[in-house]
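# My questions are about this predicted structure, shown below with the sequence.
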Amino acid sequence: MTTILKLDAVCKAFGAVKVADDLSYEVAEGEALGVIGPNGAGKTSMFNLITGTLAPNSGRVIFAGNDVTSHNAARRCHAGIARSFQVPQPFSHMTVFENAMVAATQAAGLREHAAERFCIEVLEQTGLLAKANTTAGSLTLLERKRLELTRALCAKPKLLLLDEIAGGLTEAECVSLIRTIKDIHAVGVTIIWIEHVVHALLEVVDRLIVIDFGRLIAEGEPHAIMDSPEVKEIYLGIEADA
Ligand SMILES: Nc1ncnc2c1ncn2[C@@H]1O[C@H](COP(=O)(O)OP(=O)(O)OP(=O)(O)O)[C@@H](O)[C@H]1O
């Protein structure tokens, strides 16, 4: 098993609010790791610490064997870390294809025909090829989520971070998105997926971690984690002895 990502005793606080409190865990290459936890637990902040938009107060982020703690977000992106945002952030006035091309050229460093060919390939994979010439601002929510995936994949990531990508979708849309994410995982992309739609997570991830007040409070096989009384109490608000 090769470790692709390691968080080593990462701490980050905003005033009195600890968003990462001695956070340590590892992710294996090719793994799909799910992340759950209450609102405000520090899950998105953890992604910001991994991608480099947030600097830790202490601790280290190791990616593909290199200490990237001092590397900025652009450098980490070039190294192979890409993310989708909880609220889709496309260039709304540009087409789907143009959005993909920005990622393929700026993040993956591809040029001209190679970039175009790669974007077509990714749009096929994410189910958006038919919308290639549509402006991003006129897409449905599911399509915007698919565009988030497209933009992240066009950066040619080794590690893909998904932030609540299933949120707000209908059940049928969720099923269709799960299929796409499974396909992406099947070709070897390592995934860390923060999600409140737990059944979607359980269909994809190999392992689950639970974050509360910036601390890792549970880690293990997804169904066992969801069944644990501690997680039910902290995450679902059900008292352990109820
Ligand atoms: N830049 C910042 N400055 C100050 N406080 C922040 C900042 N970013 C996040 N926080 C606070 O840190 C806490 C954790 O936020 P974060 O978005 O990481 O939680 P989360 O687990 O992703 O929540 P959710 O499930 O609601 O998306 C929240 O109380 C939030 O208000």
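Ah, there it is.

# quick one: secondary structure of the residue lying closest to V102 once chain neighbours are set aside?
Nearest residue to V102, sequence neighbours excluded (CB to CB, 6 or more residues apart in numbering): F91, at 6.8 Å. All C-beta spots, glycine's among them, are computed from the backbone N, C-alpha and C. Following DSSP: H, G, I helix; E, B strand; the rest coil, F91 is assigned to coil.

# same check, this time on D8
What three-state DSSP gives for D8 is strand.

# Kindly state the beta-bridge partners for it.
With DSSP bridges as the criterion, D8 is bridged to R60.

# Dump whatever helix or strand A152 lives in to CSV, restricted to CA.
Per DSSP states H and E: A152 is located in helix 141-153. Provided in CSV are the C-alpha atoms of helix 141-153 (Å, rounded to 0.1, in the frame of the first residue of the first chain):
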residue,chain,number,x,y,z
LEU,A,141,-27.6,22.1,-10.5
LEU,A,142,-26.7,18.6,-11.5
GLU,A,143,-24.9,19.9,-14.6
ARG,A,144,-23.0,22.5,-12.5
LYS,A,145,-22.0,19.7,-10.2
ARG,A,146,-20.8,17.7,-13.2
LEU,A,147,-18.9,20.8,-14.4
GLU,A,148,-17.2,21.0,-11.0
LEU,A,149,-16.1,17.4,-11.5
THR,A,150,-15.0,18.2,-15.1
ARG,A,151,-12.9,21.1,-14.0
ALA,A,152,-11.2,19.1,-11.2
LEU,A,153,-10.5,16.1,-13.6
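
# what helices or strands is it leaning on?
If contacts are counted by 3 or more CB pairs under 8 Å, 6 or more residues apart in numbering; DSSP states H and E, helix 141-153 sits against strand 81-83, helix 96-102, helix 112-126, strand 159-163, helix 171-186.

# and the residue nearest to V102, how many residues sit next to it?
When neighbours are counted by other CB atoms under 10 Å, F91 registers 14.

# three-state assignment of the closest residue in space to V27 that isn't next to it in sequence?
Excluding the flanking residues, the one nearest V27 by CB to CB, 6+ apart is L5, at 4.3 Å. Following three-state DSSP, L5 is assigned to strand.

# Hmm, I62 and L5 touching each other?
Yes. Between L5 and I62 there is a contact under CB atoms under 8 Å: 7.1 Å.

# more neighbours, the two?
Per other CB under 10 Å, whichever of L5 and I62 has more neighbours is L5, with 23 against 16.

# And that one, how far from C174?
26 Å (CB to CB, to the nearest Å).

# Also V197?
6 Å.

# list residues touching both of these two?
By CB atoms under 8 Å, 6 or more residues apart in numbering, V197 and C174 have these common neighbours: A166.

# between these two, which one's more packed in?
Neighbour count, other CB under 10 Å: between V197 and C174, C174 has more, with 20 against 17.

# separation between the residue nearest to that one when sequence neighbours are not counted and A74?
Once flanking residues are discounted, C174 sits nearest to A166: 5.1 Å by CB to CB, 6+ apart. Applying CB to CB, the value for A166 to A74 is 28 Å.
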